[in-house]
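Q: sharing a sequence plus its predicted fold:
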Amino acid sequence: MFIEPKLHDRFSEKQTGWIEIICGSMFSGKTEELIRRVNRATIAKQTVKILKPAIDKRYDEKDIISHNQNYVESIPIEKAEDILIYTENCQVVAIDEAQFFDNKLVEVCTELANHGFRVIVSGLDMNFEGKPFGVIPELMSVAEYVTKLHAICAKCGDVGNYSFRLVDQEEEVLLGEKNHYEARCRKCFNIGMEERKRKLEIMQKINE
Ligand SMILES: Nc1ncnc2c1ncn2[C@@H]1O[C@H](COP(=O)(O)OP(=O)(O)O)[C@@H](O)[C@H]1O
Ligand SMILES: Cc1cn([C@H]2C[C@H](O)[C@@H](COP(=O)(O)O)O2)c(=O)[nH]c1=O
Ligand SMILES: [Zn+2]
């Protein structure tokens, strides 16, 4: 379990900021873990701002809601650099669904950490093809702390490291939950991807 280091006042000489990443597949508990850390920061009387990309309106325009229905209020943001506008007067910046932000997010998080902020970032490390998702891998390399969470494979009950897409849509960004995706282990993910490939080849032949 992640234990947070002591956060000093942003303007004290002792203070240094840092970046924490919470990553993993869908249903692995990333949002729950982000909410847990935010709640603990609030109990420690730290001022927190929670942000999410405006594109993520699956459950709610503003709130961040976990698959378990836990929620906290957040500010929807259009582009990464706008984060700096909303975070001036706080100590902790928490960002959910970070895979949807543009590449500027690395610069923004680094600038915040350099100025004494604690930055908590949660997001998918891999897309539906098992490939690195957006800005998350780069953020993982500059972060002080990386927590990788795992779901349970919906097929066999093993460790679910992948988000398997259940519908035949190829675009990287496709919002959804259990109607569109399930968590899978490596073996069940690879079986599903092979089946998908064969299906696509058959469809292509039919259309020729
Ligand atoms: N296959 C699964 N593996 C683990 N948890 C699951 C699964 N399907 C549903 N859940 C539920 O999802 C919750 C995690 O939700 P959430 O924090 O929103 O995950 P994430 O943000 O990583 O998608 C778990 O506590 C559990 O109740
Ligand atoms: C794998 C994958 C996921 N998405 C979308 C689906 C959901 O709306 C979010 C992930 O939410 P969660 O809190 O991690 O469950 O991302 C996508 O657009 N593309 C993908 O490849
Ligand atoms: Zn499996």
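A: Yep, that arrived. Ligands and ions are numbered 1, 2, ... in the order given.

Q: got the confidence number for the residue most central in space within the chain?
A: Nearest residue to the geometric centre of the chain (Cα atoms, centre = their mean): residue 123, 1.2 Å. Listed pLDDT for residue 123 reads 98.

Q: where is the longest helix in the chain?
A: helix 186-207 (DSSP state H).

Q: now do stretch 29-40: everything it contacts.
A: Defining contact as Cβ atoms under 8 Å, 6 or more residues apart in numbering, one finds that stretch 29-40 is touched by 2, 4, 20, 22-24, 48, 50, 64-68, 70-72, 92, 94, 96, 120, 122-124, 147, 149, 151. Heads up, the C-betas are built off the backbone N, CA and C, glycines and all.

Q: list buried residues within those.
A: Among the contacts of stretch 29-40, those buried by neighbour count (16 or more other Cβ atoms under 10 Å) are 4, 20, 22-24, 48, 50, 64-67, 72, 92, 94, 96, 120, 122-124, 147, 149, 151.

Q: what about ligand 1: which of those touch it?
A: 24, 66-67, 151 (Cβ under 6 Å from any ligand atom).

Q: give me the buried stretch members for stretch 48-64, please.
A: With the criterion 16+ other Cβ under 10 Å, stretch 48-64 contains buried residues 48-53, 56, 64.

Q: try stretch 3-14
A: 4, 7.

Q: hang on, the earlier thing: which of the buried residues of stretch 48-64 sit farthest apart?
A: Distance extremes for the buried residues of stretch 48-64: the farthest pair is 48 and 56 at 18.8 Å, using Cβ to Cβ.
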